[in-house]
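[1] This is the structure alone, sequence omitted:
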């Protein structure tokens, strides 16, 4: 028995490790329940949860950056960081959703730069907001995500952002002034405040009609199914 | 599977086996950490960016997999091997003690390389990877102590 004891210990730990791994795997890939129907956009929500009450108090930057009709039955509100790789991966997924559910979906983008984890995130957010003041937020948004790898590795990303601003036809003097200006800083602050009120602690975080979607559900197929379920419930 | 436990000098044996018993316990921390990281990697959850960690950058980097296998899974296998060998070494299996030294040595070298990658190439640190590095360092110290007690 004594000679078998170490092998018994090893076997027991192996079984526990396998069971723990299977349990974690199952909980990580548990199917995502479709969000409850009914609520309109988060900003106009009458939500009952604490996070939604807080979010109502913290409206975020106003007006928000939106794509799609204001009365769309489904609103996806993304808290994003332009330097975050998964946000860059989510970008084309959201574009696909917009195309597939055209007219029935509204996308809202909220700034949530993760400083100091991402050294250029704040400058990128400032550039996008400065472009927004000239009516070109989404153009800059798309360029930042599509070229994320290029500027992420740069020592100083600002000349690259200025190049993007030139490409989308911005008034460069105003862009430079706005990038470091108070309006832009305030918008980023307000979006961040809203994010904190809604319990956001990472990016990308997406809310569908005010309810947070699990990160695992942000793949094309899962997101499509969730949006469809929400539309069917309307 | 030879070399049955030597019980002729119980106190000395206990002193010799103590570092291995500690190594077995410490390796369980590494095993739990590696299993968690493997599941996070496979589910894609830890690829999310967060305020406090650089796990997303580390786990989404090209260094997070070896021929398609998550590095964390390799780590889990390594920690389980260390646990098994440490338990056997604690029961005076000499071949296990020798093999344990080799495995921990390899893990130590790998850990140094991974820390270099995080610091200089990826330029982000993942706290779960750092915990794994700490476990490997502690294991290395325990193995060195066990060598001195021989």
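    That came through, no problem. Since this is a predicted model, take the numbers as computed values, not measurements.
[2] Look up phi and psi at residue B:49.
    Per-residue torsions, residue B:49: phi -80, psi 140 (degrees, to the nearest 10).
[3] so what's it closest to, chain neighbours aside?
    Spatially, and ignoring its direct neighbours in sequence, residue B:49 is nearest to residue A:84 (3.7 Å; C-beta to C-beta, 6 or more residues apart in numbering or on different chains). For every residue, glycine as well, the C-beta is placed using N, CA and C.
[4] how many other residues sit next to that neighbour?
    29 (other C-beta atoms under 10 Å in any protein chain shown).
[5] need the contact list for it.
    A:114, A:118, A:121, A:203-204, B:49, B:56 (C-beta atoms under 8 Å, 6 or more residues apart in numbering or on different chains).
[6] do the same with residue A:205
    Residue A:205 neighbours (C-beta under 8 Å, 6+ apart): A:78-79, A:112, A:195, A:198, A:212, A:215.
[7] how about a cut-off of 7 Å?
    By C-beta atoms under 7 Å, 6 or more residues apart in numbering or on different chains, the contact set of residue A:205 is A:79, A:212.
[8] Just list whatever residues bridge to it.
    Beta bridges link residue A:205 to residue A:79 when assigned by DSSP bridges.
[9] How much space separates it from residue A:222?
    Shown here: residue A:205 relative to residue A:222, a distance of 15 Å by C-beta to C-beta, to the nearest Å.
[10] Quick check: residues of chain A near chain B?
    By C-beta under 7 Å from any C-beta of the partner chain, the part of chain A that sits against chain B consists of A:3, A:6, A:9-10, A:13-14, A:17, A:20-21, A:24-25, A:28-29, A:81, A:84-86, A:114, A:117, A:201-203, A:215-216.
[11] quick one: residue A:151 and residue A:162 touch, right?
    No. Here residue A:151 lies out of contact with residue A:162, judged by C-beta atoms under 7 Å, at a distance of 11.1 Å.
[12] quick one: which of those two has more around it?
    Neighbour count, other C-beta under 10 Å: between residue A:151 and residue A:162, residue A:151 has more, with 23 against 16.
[13] Could I get the buried residue list for whichever helix or strand that one is part of?
    Element membership for residue A:151 (DSSP states H and E) is helix A:148-152. Neighbour-count burial for helix A:148-152 flags A:148, A:151-152 (criterion: 16 or more other C-beta atoms under 10 Å in any protein chain shown).
[14] Just put the residues you listed in a markdown table and tack on pLDDT.
    Output for the buried residues of helix A:148-152, formatted as a markdown table (pLDDT from 0 to 100):
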| residue | pLDDT |
| --- | --- |
| A:148 | 92 |
| A:151 | 94 |
| A:152 | 87 |
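[15] Just name the closest of those residues to chain B, please.
    residue A:152 (9.5 Å; C-beta to the nearest C-beta).
[16] Report the contact partners of the residue nearest to that closest one when sequence neighbours are not counted.
    With sequence-adjacent residues excluded and distances taken as C-beta to C-beta, 6+ apart, residue A:152 is closest to residue A:83, at 5.7 Å. Contact partners of residue A:83, counting by C-beta under 7 Å, 6+ apart, are A:118, A:120-121, A:124, A:148, A:152.
[17] where does residue A:83 fall, helix, sheet strand or coil?
    Of the three states, residue A:83 takes coil under DSSP: H, G, I helix; E, B strand; the rest coil.
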